[in-house]
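> Pasting the sequence and the predicted coordinates here, then a few questions.
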Amino acid sequence: MAEEKGKEELLFTGSDTEGGITSGYHMNDGVKLKVEYSFFGSIYDGEEEKAVLAAMKQESQTMGPQVQLFQDEFAKVFEVKHAFAVSNCTTAMHVATQTFGIKKGDEVITTPNTFIATSLVILKEEAKPIFADIDPKTFNIDPKQIENKITDKTKAIYVVHYGGQMCDMDPIMAIAKKHNLYVMEDCAHAHGAKYKGRPAGSIGDIGCFSFHSLKNMTTLGEGGMITTNSDELADKIKRFRNISITHWDPKQTHFEFSGYKMDKTDVKDYWIPSHFDVIDDDGKWGNNYRMTEAQAAVGRAQLRKLAMMVEKRKNNGNYINEGLKGIKGITPVYESPDCYHCYHLYTLCIEEEELGASRDEFLRVLYREEGIQGILHYQPTYHFTGLKRKYNYPDKLCPNAEKFFYKREINLPMNPRLTKNDLDMMIQGIKNAAKKVRK
């Protein structure tokens with residue numbers, strides 16, 4: 001029976017589960033892979049195991065001492081005043097959107113080259129995502145495309161540090177200051193990334209991080225963090241991520257409910273007037289976006305090894321870059337001199353005019369004949385049915401982003417566990433595929 005169970009587990013793949021593409025790209029299509037695209041982007045060892053077991057023995061299992069320590073340590077590493085642990089990056093961005101007061105009829109400028117979550121949190125508040133095109137070299141939102149998108153309805157700019165290379169933040173922050181706009185950094189790819197020496201999540205008004213299993217560090221598969229240097233925003237973030245709960249106003253000493261009178265000046269009982277108060281913030285209400293103690297304990301262990309894991313990613317990325325130099329029609333990763341690239345993704349670009357074949361033709365050979373699995377990130381957000389139906393975005397809205405997704409990009413396997421043999425097989429596979437498809 002144990003042997004049969006093992007066979008079943010081997011056949012059970014990410015594409016078979018409810019998580020779909022958020023949990024794996026195992027296809028079970030008969031292709032023999034040399035290097036597959038792993039959906040675990042980190043390294044676990046005995047440290048994480050001990051952390052989980054220790055957290056399980058605690059009295060508190062959610063939002064307790066481990067969460068507080070994780071927040072404090074994360075804030076120190078990422079050079080911010082405040083950090084708040086949450087259930088995932090999507091909920092982090094939703095909290096940010098509520099904190100900014102984004103409401104129905106507002107507009108938020110963002111990139112089309114991102115996971116749907118970046119726009120979803122705007123849509124949830126009944127605001128409209130306005131898409132600015134990307135830089136064809138960095139694949140990040142192009143600051144030059146932002147300002148002409150601003151209207152009297154614009155309330156914020158949401159940037160995404162694609163692949164682990166930060167956006168050109170100085171001009172973006174200058175535009176935001178000029179027009180009195182909030183800036184949110186979607187840092188889901190950017191653990192360990194820097195812009196002119198400043199860590200991701202420390203430049204905009206709010207930064208939002210993901211600890212999904214794919215990321216540079218993870219907290220048992222899901223998790224997130226919100227960062228800010230603003231005391232005013234931090235006060236709202238605390239409530240929005242925790243069901244709008246707050247303490248009773250300490251200035252208020254006399255209470256009367258249903259004829260039950262209480263006077264805090266005379267009575268010191270901890271339950272008077274009650275354990276907590278609940279307030280709204282300009283008509284907006286929070287939700288339960290809390291992080292568990294086990295996740296936070298693992299997050300602390302991951303944070304301690306983050307620099308090591310990012311260095312491995314960066315070495316892997318640089319090794320691939322060097323190995324792919326001079327191949328006609330193949331463009332390795334570009335690193336901006338202003339940025340420290342943390343290589344969450346390795347994005348290879350196919351220039352079909354130079355190669356003499358399409359990206360899809362190349363990817364088919366790379367996958368089916370060379371055994372190297374690539375995946376694509378990201379279809380322009382405004383091409384999804386739900387957004388087209390709601391806002392009828394025009395075709396060719398962001399030409400660079402559309403060409404990037406449909407004709408140029410492939411994400412190669414990238415994680416800190418890749419061996420030199422894995423890297424050499426990828427490089428050789430790409431060289432072989434280029435030769436085979438070149439016409």
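Sure, I can see it.

> dump the residue contacts of the closest residue to residue 63 other than its chain neighbours.
Using Cβ to Cβ, 6 or more residues apart in numbering and skipping residues adjacent in sequence, the residue nearest residue 63 is residue 290, 4.8 Å away. Where you see a C-beta, it was placed from the backbone N, CA and C, and this is true even at glycine. If a contact means Cβ atoms under 8 Å, 6 or more residues apart in numbering, then residue 290 has 62-63, 67, 85-87, 241-242 as its contacts.

> change it to 10 Å
The contact partners of residue 290, taken as Cβ atoms under 10 Å, 6 or more residues apart in numbering, are 62-63, 67, 84-87, 91, 241-243.

> Can I get the buried part of those residues as one PyMOL selection?
Provided next is the PyMOL selection string for whichever of the contacts of residue 290 are buried by 16 or more other Cβ atoms under 10 Å:
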select buried, resi 63+67+84+85+86+87+91+241+242
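
> just curious, which of the contacts of residue 290 is nearest to residue 371?
Residue 371 lies nearest to residue 87 out of these, by Cβ to Cβ, at 36.7 Å.

> ok, that closest one - contacts?
211, 219, 222-224, 241, 287-292, 295.

> 7 Å instead, please
222-224, 289-291 (Cβ atoms under 7 Å, 6 or more residues apart in numbering).

> which two from those residues end up farthest apart in space?
222 and 290 (12.2 Å).

> give the contact list for residue 418.
residue 316.

> and it, which of the three is it?
Under DSSP: H, G, I helix; E, B strand; the rest coil, residue 418 falls in the coil class.

> What about the residue nearest to residue 63? Give its phi and psi, please.
phi -80, psi 160 (degrees, to the nearest 10).

> gap between it and residue 259?
Going from residue 290 to residue 259 by Cβ to Cβ, to the nearest Å gives 35 Å.

> Low-confidence stretches in this protein?
The model of the chain has pLDDT under 70 over residues 1-16.

> Would you tell me which strand is longest in it?
strand 154-160 (DSSP state E).

> Let me know whether residue 98 touches residue 240 as I believe.
Yes. Counting by Cβ atoms under 7 Å, residue 240 is a contact partner of residue 98 at 4.9 Å.

> about what we covered before: with secondary structure as extra columns, can I get the contacts of residue 290 in TSV?
Listed next are these as TSV, based on three-state DSSP:
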residue	secondary structure
62	strand
63	coil
67	helix
84	strand
85	strand
86	strand
87	coil
91	helix
241	coil
242	strand
243	coil
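
> picking up where we left off before, put the alpha carbons of the longest strand of the chain into PDB.
Output of strand 154-160 as PDB, limited to C-alpha atoms (Å, rounded to 0.1, in the frame of the first residue of the first chain):
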ATOM      1  CA  THR A 154      -5.600  59.900 -10.100                       C
ATOM      2  CA  LYS A 155      -4.800  59.100  -6.500                       C
ATOM      3  CA  ALA A 156      -1.800  56.800  -6.500                       C
ATOM      4  CA  ILE A 157       1.000  55.100  -8.500                       C
ATOM      5  CA  TYR A 158       1.500  51.300  -7.900                       C
ATOM      6  CA  VAL A 159       4.900  50.100  -9.100                       C
ATOM      7  CA  VAL A 160       6.100  46.500  -9.400                       C
END
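
> Show residues contacting it.
100, 102, 106-111, 114, 118, 141, 146, 167, 172, 176, 179, 181-186.

> One more: stretch 112-120?
89-90, 93, 110, 129, 131, 134, 139, 158, 160, 162, 186, 378, 380-382, 384, 398, 401, 404.

> From the opening residue of that stretch to its closing one, how far?
End-to-end distance for stretch 112-120, by Cα to Cα, to the nearest Å: 12 Å.

> All set now, cheers.
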